[in-house]
Each structure stands twice: as C-alpha cells, then as structure tokens.
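Enquirer: Sequence and predicted structure below; questions after.
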Amino acid sequence: MDTAMGNRTNLSLAQADGESVELLESVTYFPLFWLLGTLDEPMTAQIERVQATPELDEEDYDEAAYADAYSDWFYQNKLGEVSLPIAQFSSNLKAHKAYIDAQYSPLSSLYERFIALMAAQEHTHPDASVNIEYSELTDFSDTPAQYHQEMAQTVAQIHNNQQVGPDWFDPTDVLLSSIGTDEYSEHEGERLFTSETFDSTERQLVEAFSKKPGQQSDQSEATASTLAYSSEAKKPSFFQRLFRRSK
C-alpha cells in the first residue's frame with residue numbers, strides 16, 4: 001500500500017474537549033462505508049447546499065488574487081467537509097448494513113468491523129462528532145457543484161439498492177474505496193490494519209470480487225477468516241480489545 005501520492009480524504013473524531021483524532025484516511029476515494037455513515041443526513045443537505053452555493057467568478061479577480069479568493073470561498077462555505085454526531089454516524093451505518101449484505105456481500109465482515117470501530121469510539125466519546133474532510137477530491141471535477149452532482153447520483157443508486165460506480169467503490173482497489181486505512185492514524189487502541197494485513201486482506205477481497213456471483217459465498221467465508229486475523233485462539237476479539245481503552 002502506498003498512500004504517499006493522490007488526493008486524500010480523512011475521517012476524524014472531534015472530541016468534546018476540542019481534540020481531533022484521525023481515525024482513517026484514504027487516497028483518491030470517498031470510501032463507500034464513510035458515505036453510508038452520512039446518509040441520509042447530513043450528506044443530502046450538504047449536496048443541496050453546495051449545489052446552491054454561488055460560484056466564484058474568476059473574472060472578478062486578477063490571477064494573483066484569485067487563488068487566495070478561491071481558497072477563502074471554498075473553506076468558508078465548507079464545500080469539502082461534512083460533520084455529524086458520532087451517534088448519528090453509527091446509526092446510519094447500522095441502517096445500511098442490509099445494503100452491503102445485498103450488494104457487496106464480500107464486504108460484510110469488514111463492514112461489521114467498521115461498525116464495531118465506530119461503536120467503540122462512541123462508547124468512549126459519546127459527545128464527539130465525526131468529521132470527513134474531502135476537499136482534495138473536488139479537484140477531480142471542474143467545480144465543487146459538479147462533484148456533488150456525481151455524489152447525488154451515487155446516493156440515488158444506494159437508495160435504489162443498486163451498486164455504485166467505480167469512482168465510489170472500485171473492486172480492484174477494495175480497501176481504499178470501501179473503508180480506507182488506519183495504518184497511519186493517531187487514534188488510541190489497536191489498528192485495523194498494518195501494511196501486511198492491509199495487503200493480505202486486499203488480495204482476498206479483490207479475489208472475492210473477481211469471482212462469478214455463484215462463487216462469491218465460499219470466498220466471502222475465506223475473507224471473513226482473513227479479517228479476523230488474530231492468530232492466538234485465546235486472544236480477545238477485535239471488538240473486545242477496542243473497548244479496553246482508557247485515558
């Protein structure tokens with residue numbers, strides 16, 4: 001895995017004391033799991049708000065001033081970030097479990113781990129907010145409004161219980177486009193991934209998605225085994241370990 005290049009997205013936890021802790025990051029994608037955690041709200045409102053925000057007219061500025069003006073306009077209008085209470089994010093995730101099971105069954109075990117990760121954070125920091133920063137991704141489109149129009153189309157596919165396009169979930173780049181990675185994150189507790197487990201899980205999932213539909217069930221079981229990567233039979237489960245944290 002190489003996250004040195006590309007447009008990054010970050011999922012952080014903003015705690016009540018003002019501290020912000022990065023939980024996950026991705027490159028090139030707004031990961032599907034993160035998107036499900038923001039639906040229907042506040043992402044639907046975010047899409048509508050961005051599309052209604054008047055564009056900055058480049059002709060009103062000379063070349064030297066436009067870059068600074070654009071940056072101020074972009075960040076003041078929060079065109080590349082979304083925030084919601086962690087309890088709402090967790091509730092949204094649980095509400096979309098059936099969607100993952102139906103459309104992306106090889107991801108079901110990974111999705112359960114994501115739900116468990118966020119539940120543990122909620123247990124420790126019940127008043128925290130989940131912040132997703134995706135401003136760099138808007139560079140893929142001509143304008144923030146266009147990027148959010150593409151996002152709106154993706155949300156409609158989810159509402160219709162359809163699979164989304166490869167810009168939103170890529171079966172050849174499974175982890176970065178579904179959950180991202182926490183290898184470099186600052187959050188407390190055990191990481192979801194190391195370089196080795198990230199690569200091995202990625203290989204298993206890419207293979208699962210390359211199978212024909214009738215073959216995916218057996219591969220999903222193998223993937224679930226890989227995701228539970230503890231080699232010690234008596235070692236506490238990942239969910240139990242997440243709850244054994246204190247400050």
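Expert: Here it is on my side, so go on. Residues are numbered from 1 along each chain as shown.
Enquirer: Name the SS class of residue 164, please.
Expert: Under DSSP: H, G, I helix; E, B strand; the rest coil, the three-state class of residue 164 is coil.
Enquirer: Correction: the previous question concerned residue 23.
Expert: Using three-state DSSP, the structure places residue 23 in strand.
Enquirer: Remind me which helix or strand the residue nearest the centre of the chain belongs to.
Expert: In the chain, the centroid-proximal residue (CA atoms, centre = their mean) is residue 34; its distance is 3.0 Å. Taking DSSP states H and E as the definition, one finds residue 34 inside helix 32-37.
Enquirer: C-terminal to that helix, what's the next element?
Expert: helix 43-52.
Enquirer: how about whichever helix or strand comes after that next one as CSV, C-alpha atoms only?
Expert: Note on helix 43-52: by DSSP H and E, the next helix or strand toward the C-terminus is helix 63-76. Taking C-alpha atoms only, helix 63-76 is exported to CSV below (Å, rounded to 0.1, in the frame of the first residue of the first chain):
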residue,chain,number,x,y,z
GLU,A,63,-4.5,35.9,-11.5
ALA,A,64,-2.5,36.6,-8.3
ALA,A,65,-5.6,37.3,-6.2
TYR,A,66,-7.9,34.5,-7.5
ALA,A,67,-6.1,31.6,-5.8
ASP,A,68,-6.5,33.2,-2.3
ALA,A,69,-10.0,34.3,-3.0
TYR,A,70,-11.0,30.8,-4.2
SER,A,71,-9.4,29.2,-1.1
ASP,A,72,-11.3,31.6,1.2
TRP,A,73,-14.6,31.0,-0.7
PHE,A,74,-14.1,27.2,-0.6
TYR,A,75,-13.3,26.8,3.0
GLN,A,76,-15.7,29.5,4.3
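Enquirer: other SSEs contacting the helix holding residue 34?
Expert: helix 86-95, helix 108-124, helix 144-159, helix 174-178 (3 or more CB pairs under 8 Å, 6 or more residues apart in numbering; DSSP states H and E). To be clear about C-beta, it is placed using only N, CA and C from the backbone, and glycine gets the same treatment.
Enquirer: Which pLDDT value goes with the residue nearest to the centre of the chain?
Expert: If you check residue 34, the pLDDT there is 98.
Enquirer: same check, this time on the one 5 residues further on
Expert: As summarised for this prediction, residue 39 has a pLDDT of 97.
Enquirer: number of nearby residues for it?
Expert: Using other CB atoms under 10 Å, the number of residues around residue 39 comes to 18.
Enquirer: How much space separates it from residue 9?
Expert: Distance of residue 39 to residue 9, computed by CB to CB, to the nearest Å: 16 Å.
Enquirer: pretty sure the residue nearest to the centre of the chain contacts residue 11?
Expert: Yes. Counting by CB atoms under 8 Å, residue 11 is a contact partner of residue 34 at 5.7 Å.
Enquirer: Does residue 139 touch residue 7 like I think?
Expert: Yes. Here residue 139 reaches residue 7: they are 6.0 Å apart, a contact under CB under 8 Å.
Enquirer: Perfect, I'm done here.
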